[in-house]
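Colleague: Return a 3D structure for these sequence lines:
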Amino acid sequence: MVVEVHEKLYQIIDKSPRYPLAAYTAIHKGLDFTMQLKNVVGHVNGQELALGMAGYMKIEYGPYAAIVLENWGIRTTLDFGRIVFNMVEAGLMRKTEEDTLEDFVGVYRFDEVFGGEVDWLRDIRAELGLPVPNADSSV
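Modeller: Numbers count the residues shown, from 1 in each chain. All right, here's what the predicted structure looks like:
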């Protein structure tokens, strides 16, 4: 079963290499996260999944969520929908008659949800236990 899923994912990527395997995996995990959050079994709509993906990405990647999404080629909530519909076409996800790709359009702006600069030097120093400079310090 797992082999079949991976084969289908690689077929999707071969056909449409716009998004990497990690993006498809994240959508699947984000769907699980969303369904648990909403306490539903079965179906969530596009807007609900897009909102759930924001929560999943923030929890999974913290302040680096925007960078991860950018590296995956995901820049808008419509990209989530494109991935979902690729998976639907491959038989890895299901949709209802009411579900459309347009459900994912403009759910939120990434810069508003995942915004904020990441201070790489500050983060690395903190992770290594080194002194972290104040904003007005030149350390």
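Colleague: Output the lowest mean pLDDT helix or strand found in the protein.
Modeller: For the chain, the helix or strand with the lowest mean confidence is helix 120-128, at a mean of 67 (criterion: mean pLDDT, DSSP states H and E).
Colleague: neighbours around Asn86, how many?
Modeller: The number of residues packed around Asn86, counting by other CB atoms under 10 Å, is 23. For glycine as for every other residue, the C-beta is placed from the backbone atoms N, C-alpha and C.
Colleague: Determine the next helix or strand in the C-terminal direction from the longest helix anywhere in the chain.
Modeller: When every helix of the chain is counted residue by residue (DSSP state H), the longest turns out to be helix 21-38. Sequence order places helix 46-61 as the next helix or strand after helix 21-38, per DSSP states H and E.
Colleague: Show me what that next one is in contact with.
Modeller: Contact with helix 46-61 is made by 26-27, 29-31, 33-35, 37-38, 44, 65, 67-69, 77, 80-81, 84, 99-104, 107-108, 113-114, as judged by CB atoms under 8 Å, 6 or more residues apart in numbering.
Colleague: Just the buried ones among those residues, please.
Modeller: When these are checked for burial by 16 or more other CB atoms under 10 Å, the buried set is 26-27, 30-31, 33-35, 44, 65, 68-69, 77, 80-81, 84, 99, 103-104, 107, 113-114.
Colleague: any weak-confidence spans in the protein?
Modeller: By pLDDT under 70, the low-scoring segments of the chain are 1, 116-125, 127, 133-139.
Colleague: Mind doing that once more with 90?
Modeller: With pLDDT under 90 as the threshold, the chain has low-confidence stretches at 1-3, 5-6, 16, 37-42, 62-63, 114-139.
Colleague: residues near Ser41, how many?
Modeller: Small correction: residue 41 is Val, not Ser. 7.
Colleague: Would you check that Ala66 makes contact with Gly115?
Modeller: Yes. At 7.2 Å, Ala66 and Gly115 qualify as touching, with contact defined as CB atoms under 8 Å.
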